[in-house]
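Asker: Model the structure of this input:
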Amino acid sequence: MYQDKGIHILTSFDKCFPERLNYMYDPPWILYAKGDLRLLHSPLSLAVVGTRTPTEYGKNALHHLLPELIKSGVTIVSGLANGTDAFSHNIAINKGGKTIAVLGSGFEHIYPRHHFRLASVIAEKHLLLSEYPPSIPPRKWQFPMRNRLISALSDITFISEAGERSGSLITAYQALEQGKDVRVLPGSIFSPMSKGTNQLLAEGAAPVLSSRDLWYERWM
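Answerer: Okay, the predicted model is just below:
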């Protein structure tokens, strides 16, 4: 039944199961995937997350920073949410790169609903991923669980903008728990959308001032 819908079911015993997830302390038992499974083994992988209401500064920064990495073969991993997530997926698609969207629901319940077309494009030419069976609707607690996969699938987690209580901060702290690099776009002290990211900087996250600051040492 799943095969008829183009859905692949992966466990840690499958060759296609991403090696990066084997190093998590709480890996998923099962992954449901639609699209290009080769992206699960991308040698260069960057998580890009941030606020659902990005400012023009945040959008311009992503347009400035990401294309050079995408051109160099870096896969963009995000969560299909409104704002920064969708913006990052679209930049990867429009610049001829590759992207992975990790869902907090099953494939039959794309959330938010108005991203159905974007999800379809990703499922056809990139990779759509979830640890939830297709029939599972979105629930609030599932999104922090999704976030840990976004960071685990990537070498670096980049937070472009985040408010004081942004869910993106959860992703940042999960990445740190996984031993991953967290890098942050500095923002104005007057912008509510930079309060969370500036706090991460104060706690020791690396600032991103150019595309080179998003290059992982192992990629060079």
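Asker: and the residue nearest the centre of the chain, backbone torsions?
Answerer: Nearest residue to the geometric centre of the chain (Cα atoms, centre = their mean): residue 78, 2.0 Å. As for residue 78, its main-chain torsions (degrees, to the nearest 10) stand at phi -150, psi -170.
Asker: if I look at it, how far off is residue 129?
Answerer: Using Cβ to Cβ, to the nearest Å, residue 78 is found at 11 Å from residue 129. Glycine gets a C-beta too; all of them are placed from N, C-alpha and C.
Asker: Where do the helices of this protein begin and end?
Answerer: 56-71, 84-94, 116-125, 142-152, 167-177, 195-202 (DSSP state H).
Asker: of all the ones you listed, which lies closest to residue 105?
Answerer: With Cβ to Cβ as the criterion, residue 105 lies closest to helix 142-152 of those, at 6.6 Å.
Asker: and the helix or strand of the chain with the lowest mean pLDDT with helix 84-94, angle?
Answerer: Counting by mean pLDDT, DSSP states H and E, the chain has its least confident helix or strand at helix 167-177, which shows a mean of 93. Counting by axes from the mean of the first three to the mean of the last three Cα atoms, to 10 degrees, helix 167-177 lies at 80 degrees to helix 84-94.
Asker: buried ones in helix 167-177?
Answerer: For helix 167-177, burial by neighbour count (16 or more other Cβ atoms under 10 Å) applies to 167-176.
Asker: shared neighbours of residue 78 and residue 129, which are they?
Answerer: Overlap of the contact sets of residue 78 and residue 129 (by Cβ atoms under 8 Å, 6 or more residues apart in numbering) consists of 100-102.
Asker: can you list the weak-confidence ranges in this structure?
Answerer: The model of the chain has pLDDT under 70 over residues 220.
Asker: let's see it at 80
Answerer: 1-4, 217-220 (pLDDT under 80).
Asker: before we move on, back to that, what's near enough to touch the residue nearest to the centre of the chain?
Answerer: Taking Cβ under 8 Å, 6+ apart, one finds 47-49, 84-86, 88-89, 99-102, 150 in contact with residue 78.
Asker: Quickly note the distance from it to residue 190.
Answerer: 27 Å.
Asker: for residue 64, same thing?
Answerer: For residue 64, the distance to residue 190 equals 21 Å [Cβ to Cβ].
Asker: More neighbours: the two, which one.
Answerer: Using other Cβ atoms under 10 Å as the criterion, residue 64 and residue 190 rank with residue 64 on top: 11 against 7.
Asker: now that one, nearest residue through space, not along the chain?
Answerer: residue 211 (7.8 Å; Cβ to Cβ, 6 or more residues apart in numbering).
Asker: cool, and residue 24?
Answerer: Nearest residue to residue 24, sequence neighbours excluded (Cβ to Cβ, 6+ apart): residue 152, at 5.1 Å.
Asker: now swap in residue 153 and tell me
Answerer: Per Cβ to Cβ, 6+ apart, closest to residue 153 is residue 77, 5.1 Å.
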